[in-house]
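Novice: Sharing a model prediction with you, sequence too.
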Amino acid sequence: MLVVALCAIAVASPLVALRWPAGLLMHRWRWPLLIWAVLAFQVVVLEVSMPTGLAAVLHVLTYVAAVGFLWMNRRVAGVWIVAAGATLNGIVIALNGGTLPASASAVASAGLDPDDAFANSGVVDNPVLPWLGDVFAWPAPMPLANTFSVGDMLIVAGVFVAAWTGTRRLGQGSGATTDQADTPHHA
């Protein structure tokens with residue numbers, strides 16, 4: 001939930017500078033329903049009780065589908081950064097049986113239960129590429145306390161880039177780009 005909240009903040013962040021994330025919001029996304037379906041399916045995988053093996057396979061498949069969406073939209077600024085983060089997370093999840101390995105200290109700092117049933121992130125015995133797992137913590141009692149990875153940081157950074165690329169001043173007409181809006185015109 002922490003990464004989702006940070007991505008929402010990233011999308012809204014231009015508004016603080018009285019800018020509108022026009023490039024991101026006005027872009028004609030290819031296969032937009034795919035990413036919403038992936039996110040909804042990931043919630044189902046994480047929240048609905050199912051055999052751990054099935055949940056792990058379905059979890060990895062959500063990353064494959066997400067990277068497919070990102071590939072279809074690779075020309076959008078920031079998407080390569082998001083794709084790098086999602087790919088890192090997806091590879092590490094696949095190599096660790098469907099779970100992103102989390103460090104025990106990060107889990108403890110975030111106040112999470114290390115013995116939860118299937119989770120997208122958890123303490124794993126003998127993890128593969130553990131430094132790419134959830135090794136950072138947004139500590140409890142902070143709101144949305146959770147663990148996060150390098151891949152998660154790349155995802156949020158990519159969303160910031162996408163949100164700020166092509167911004168426009170609030171109230172500006174729809175035809176000008178950021179550069180056209182900010183550069184004075186001389187006759």
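Specialist: Sure, I can see it. It should be emphasised that the depicted structure is a prediction, and the values quoted were computed from it without experimental measurement.
Novice: pLDDT weak spots in the protein?
Specialist: Low-confidence segments of the chain (pLDDT under 70): 116-118, 172-187.
Novice: one more time with 80, if that's ok
Specialist: Regions of the chain meeting the criterion pLDDT under 80 cover residues 114-119, 171-187.
Novice: count of neighbours near Leu39?
Specialist: 12 (other C-beta atoms under 10 Å). Placement of C-beta: from N, CA and C, glycine included.
Novice: So for this structure, the centremost residue is which one?
Specialist: Ile155 (4.2 Å; C-alpha atoms, centre = their mean).
Novice: Find the residue closest to it in space, skipping its chain neighbours.
Specialist: Spatial nearest neighbour of Ile155, chain neighbours left out: Gly85 (3.8 Å); criterion: C-beta to C-beta, 6 or more residues apart in numbering.
Novice: same check, this time on Ala66
Specialist: Using C-beta to C-beta, 6+ apart and skipping residues adjacent in sequence, the residue nearest Ala66 is Val38, 4.9 Å away.
Novice: State the next helix or strand along the chain beyond the helix or strand Val107 falls within.
Specialist: Using DSSP states H and E, Val107 maps to helix 104-110. Sequence order places strand 121-122 as the next helix or strand after helix 104-110, per DSSP H and E.
Novice: for that next one, packing partners?
Specialist: The criterion is 3 or more C-beta pairs under 8 Å, 6 or more residues apart in numbering; DSSP states H and E, and the helices and strands that strand 121-122 contacts are strand 100-101.
Novice: Show the end-to-end separation of stretch 124-139, please.
Specialist: With C-alpha to C-alpha, to the nearest Å applied, stretch 124-139 spans 20 Å between its terminal residues.
Novice: Contacts for it, please.
Specialist: 2, 88-89, 91-92, 95-97, 99-103, 105-107, 109-111, 121, 144-153 (C-beta atoms under 8 Å, 6 or more residues apart in numbering).
Novice: which among those end up buried?
Specialist: Buried members of the contacts of stretch 124-139, counted by 16 or more other C-beta atoms under 10 Å: 2, 88-89, 91-92, 96-97, 99-103, 106-107, 109-110, 121, 145-153.
Novice: Roughly how far does the closest residue in space to Gly111 that isn't next to it in sequence sit from Ala10?
Specialist: Of all residues not flanking Gly111 in the chain, Ala140 sits nearest, at 3.0 Å (C-beta to C-beta, 6+ apart). Per C-beta to C-beta, to the nearest Å, Ala140 is found 23 Å from Ala10.
Novice: Likewise for Asp152?
Specialist: In terms of C-beta to C-beta, Asp152 sits 12 Å off from Ala10.
Novice: would you say Val64 is within a strand?
Specialist: No: secondary structure of Val64 (DSSP: H, G, I helix; E, B strand; the rest coil): helix, not part of a strand.
Novice: Near it, how many other residues are there?
Specialist: By other C-beta under 10 Å, 13 other residues sit near Val64.
Novice: Fine by me, we can end here.
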